[in-house]
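Colleague: What follows is a predicted structure for the sequence shown.
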Amino acid sequence: PASADAHYEMAQLYLIVWRTEDALFHAQKSHRLNPNNLWALELLAALYRSSGDYLGEINSYKELIKIKPSNEEYEYLLAEAYSVSGNYKKAISTYNKIEEKIGVNKDLSIIKEKLYISMGDLNAAAGELQKLIEAFPKEVQFQLMLAELYQANNFEEKAIRIYKEILSDNKDNYPANIAMAEHFRIKQDYESGFKHLNVCFDNPEIDLAIINQILNTYFQLTISEEKYAPMFLSLLEKAIKYFPTEGAFQALLGDYYLMINEKKTAYNGYGNALNLGVTEFLICYHYLLLGLELQDYDAVSKMGFKSIELHPVQPSLYLFTGIACSMNDKKREALNVLNKGINYVVNNSALKAEFYSTLGGIYNELYEYKLSDESYEQSLLLDPNNAAVLNNYSYYLSLRSSSLEKAEKLSSRSLELAPNEASYQDTYGW
């Protein structure tokens with residue numbers, strides 16, 4: 001029972017099997033029997049920490065320092081124990097003693113800065129960073145840290161002064177440019193901010209999330225004021241240049257050109273985005289709709305089926321794909337897609353009417369006149385004032401010399417709704 005070493009070994013064994021209380025008992029016994037055993041004291045300090053006894057841990061490190069004052073690690077561990085226990089002043093005092101021995105040290109000053117911030121002593125925290133700036137004048141990171149500290153505590157002018165100093169020596173410094181751009185954004189001076197962002201977008205360090213955020217900001221500005229368009233496009237072109245496989249940028253390109261009604265460029269942008277893995281519904285929607293307008297039916301039908309796989313309950317995708325298949329002379333395939341897609345239309349009578357109208361046209365071309373007439377009837381039941389449907393239904397009836405009185409009424413109604421439409425006049429003539 002009087003063997004300090006045996007108690008120490010028992011403590012280690014109990015620690016291995018997670019019996020912490022038994023380990024602590026034997027470690028304490030070992031220390032009492034041999035107060036100068038460094039190994040037992042180190043184990044005791046670790047056990048005190050794991051059990052939340054910070055006072056015991058602190059006292060253990062104090063004893064270790066007395067036994068072996070040359071071991072700086074014990075002083076670090078003591079300072080850390082003070083810090084964990086919330087005694088920041090004593091932690092800082094201990095770190096200062098270490099600094100007296102080893103001189104100004106980056107890690108030490110940064111630790112102390114954080115402790116001063118926890119204490120709410122901003123001036124002392126800034127003093128630690130200023131000390132590092134003076135000791136390491138060529139390392140910009142400490143200037144940036146000081147500026148960020150001022151900025152986080154609403155000392156904007158002090159922060160901006162430091163950022164300007166950094167940029168006077170290195171105009172390409174990425175963090176300083178980003179900070180200045182954000183400063184001008186808050187002030188709504190977007191043109192000044194753009195100058196700094198333009199530099200940032202040439203920097204390989206820039207984060208994709210930040211690029212997306214910036215581009216979306218300038219896109220919204222462009223929507224409200226056209227003067228921002230050149231700035232937005234300049235940044236977007238750089239983003240596409242440096243990140244050619246990022247589909248989100250191609251999608252944004254599509255959004256911009258759609259906004260200014262340059263449909264071909266918008267269509268290409270959306271197509272590139274989809275080919276690069278973008279899966280958003282709206283991108284699929286815009287691409288298919290533009291493709292129909294541009295009569296690129298083969299591409300629309302191919303991308304339409306892919307889009308349906310991605311968004312299987314979006315009826316508009318079935319409609320666009322069905323129209324493209326029909327125009328691409330794949331009538332049966334078109335009917336399959338449309339008849340499936342119509343089941344997903346909920347609370348949208350106009351869209352359902354469009355489905356029936358499209359089906360009516362395809363059935364007519366396949367000489368399935370009964371189904372064609374039924375489809376047109378369903379369409380007009382849902383949307384009785386659709387001039388295009390009235391005209392098309394009337395035209396097909398008149399071509400077949402079928403129900404001509406009804407055809408005349410349908411055509412007449414279409415002319416009431418759209419009196420200046422030449423093709424509707426032509427149908428009425430038939």
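Modeller: Sure, I can see it. Numbering: from 1, shown residues only.

Colleague: Could you list the low-confidence segments of this protein?
Modeller: Within the chain, no range satisfies pLDDT under 70.

Colleague: all helices for the stretch 151-300 of the chain, in order.
Modeller: For the stretch 151-300 of the chain, applying DSSP state H, counting those that start in this stretch gives helices covering 156-169, 174-186, 190-200, 208-224, 229-242, 247-259, 263-275, 281-293, 297-310.

Colleague: brain fart, the stretch 1-150 of the chain
Modeller: Using DSSP H, counting those that start in this stretch, helices in the stretch 1-150 of the chain cover 4-16, 20-33, 38-50, 54-67, 72-84, 88-102, 106-119, 122-135, 140-152.

Colleague: just to revisit the earlier point, which one of the helices of the stretch 151-300 of the chain lies closest to Leu44?
Modeller: With C-beta to C-beta, the closest approach to Leu44 among the helices of the stretch 151-300 of the chain belongs to helix 174-186: 44.8 Å. The way it works is simple: take the backbone N, C-alpha and C, and place the C-beta from them, glycine included.

Colleague: Who are the packing partners of that closest one?
Modeller: helix 140-152, helix 156-169, helix 190-200, helix 208-224 (3 or more C-beta pairs under 8 Å, 6 or more residues apart in numbering; DSSP states H and E).

Colleague: Just give me how far the first one sits from the chain centre.
Modeller: Relative to the chain's own centre, helix 140-152 is displaced by 26 Å; criterion: C-alpha atoms, centre = their mean, to the nearest Å.

Colleague: same deal with stretch 125-136?
Modeller: Centre-to-centre, stretch 125-136 and its host chain are 35 Å apart (C-alpha atoms, centre = their mean).

Colleague: Can you list the buried residues in it?
Modeller: Buried residues in stretch 125-136, counted by 16 or more other C-beta atoms under 10 Å: Ala125, Ala126, Glu128, Leu129, Lys131, Leu132, Ile133.

Colleague: Isn't the last one up against Gln143?
Modeller: Pointing back at Ile133 there. Yes: contact status for Ile133 versus Gln143: in contact at 5.9 Å, counting by C-beta atoms under 8 Å.

Colleague: Quick check: neighbours shared by those two?
Modeller: Here Ile133 and Gln143 have no joint contacts, going by C-beta atoms under 8 Å, 6 or more residues apart in numbering.

Colleague: Would you confirm that Leu252 contacts Gln213?
Modeller: No: taking contacts as C-beta under 8 Å, Leu252 lies outside contact range of Gln213: 11.9 Å.

Colleague: Which one of the two is surrounded by more residues?
Modeller: Ranked by neighbour count (other C-beta atoms under 10 Å), Leu252 and Gln213 place Leu252 first, with 22 against 10.

Colleague: for the more buried one, what are its contacts?
Modeller: By C-beta under 8 Å, 6+ apart, the neighbours of Leu252 are Leu215, Asn216, Phe219, Leu236, Gly269.

Colleague: ok, of those, which one's closest to Gly86?
Modeller: Scanning the contacts of Leu252 for proximity to Gly86, where the rule is C-beta to C-beta, the winner is Asn216, at 42.5 Å.

Colleague: Relative to Tyr270, how far out is the spatially closest residue to that closest one that is not a sequence neighbour?
Modeller: Nearest non-adjacent residue to Asn216, counting by C-beta to C-beta, 6 or more residues apart in numbering: Leu252, 7.6 Å away. Between Leu252 and Tyr270 the computed distance is 10 Å (C-beta to C-beta, to the nearest Å).

Colleague: same question, Lys302
Modeller: Distance, Lys302 to Tyr270, by C-beta to C-beta: 14 Å.

Colleague: Check Ser51 too.
Modeller: Counting by C-beta to C-beta - Ser51 and Tyr270 are separated by 61 Å.

Colleague: more crowded one of those two?
Modeller: Counted by other C-beta under 10 Å, Ser51 and Tyr270 do not tie: Tyr270 has more neighbours, with 30 against 14.

Colleague: ok, back up a step: His183 is nearest to which of the helices and strands packed on helix 174-186?
Modeller: helix 156-169 (6.0 Å).

Colleague: Give me the neighbour count for the closest residue to His311 other than its chain neighbours.
Modeller: Take His311 and drop its neighbours on the chain: the residue closest to it by C-beta to C-beta, 6+ apart is Phe281, 5.0 Å away. Phe281 has 13 neighbouring residues, counting by other C-beta under 10 Å.

Colleague: Just list the residues touching Phe281, thanks.
Modeller: Going by C-beta under 8 Å, 6+ apart, Phe281 touches Leu310, His311, Gln314.

Colleague: Could you tell me which of those count as buried?
Modeller: Buried residues within the contacts of Phe281, counting neighbours by 16+ other C-beta under 10 Å: His311, Gln314.

Colleague: Of the contacts of Phe281, just say which sits nearest to Asp207.
Modeller: If you rank the contacts of Phe281 by distance to Asp207 using C-beta to C-beta, Leu310 comes first, at 27.2 Å.
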